[in-house]
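Chemist: model this:
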Amino acid sequence: MNEHVQRLNRERRFLVLLGIICLALIGGALYMQIVLGEAPCPLCILQRYALLLIALFAFIGAAMPGKRSLTVFEALVVLSAIGGIAAAGNHVYILANPAVSCGIDTLQPIVDGLPLASVLPLVFQVDGFCSTPYPPVLGLSLAQWALLAFTLTAVLVPLGIYRNRRRP
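Modeler: Numbers count the residues shown, from 1 in each chain. Alright, predicted model coming up:
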């Protein structure tokens, strides 16, 4: 197997790992919602959508045979991560400024009107407020962890492409 194919396979393995991590994060959010009783706010649900899109595009990209199609799905992963950065960044801001709210009355009908909210209401339906402070995990709020994860995704995927595709 030549070095070019090995590098593309490395990218594919990274995408599979990224997809698994995103699904695990959604699973963790569901655990916190169902078992710990932490109700998701509109921004939490938007972050779940971003994680789901990243996982979906990562898995499809990993299955693509060519470099060009792989790159298209990696770009979609990065765009989804940027959307997640916007939602998580706004959520971090709201938690830092409790007087500000995400506007459950404004965002709830929009988020609850998305198709997956009616198909999987337990996972994608709004039930809480963005300003609700939940206990931190290892010193960071859930929104801060999400912001970190989305930022790492938006940075590491292009770096991986650059590292794996540059000429030796």
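
Chemist: measure the residue positioned nearest the centre of the chain to residue 96 for me?
Modeler: What sits nearest the mean C-alpha location of the chain, by Cα atoms, centre = their mean, is residue 51, with 2.6 Å. According to Cβ to Cβ, to the nearest Å, residue 51 stands 22 Å off from residue 96. All C-beta atoms are positioned from the backbone trio N, CA, C, and that covers glycine.

Chemist: same deal with residue 27?
Modeler: To residue 96, residue 27 is 27 Å away according to Cβ to Cβ.

Chemist: same thing with residue 54?
Modeler: Between residue 54 and residue 96 the computed distance is 25 Å (Cβ to Cβ).

Chemist: more crowded one of those two?
Modeler: Neighbours around residue 54 and residue 96, counted as other Cβ atoms under 10 Å, are more numerous at residue 54. The numbers are 30 against 11.

Chemist: Surely the more buried one touches residue 19?
Modeler: Yes: using Cβ atoms under 8 Å, residue 54 makes contact with residue 19 at a distance of 7.3 Å.

Chemist: got the residue ranges for the strands in this structure?
Modeler: With DSSP state E, there are no strands along the chain.

Chemist: Just give me how far the longest helix seen in it sits from the chain centre.
Modeler: Using DSSP state H, we find that the single longest helix of the chain is helix 3-34. Helix 3-34 sits 11 Å away from the centroid of its parent chain (Cα atoms, centre = their mean, to the nearest Å).

Chemist: Now do the buried residues in that helix.
Modeler: The neighbour-count check on helix 3-34 (16 or more other Cβ atoms under 10 Å) flags 7-8, 11-12, 14-16, 18-19, 21-23, 25-26, 29, 32-33 as buried.
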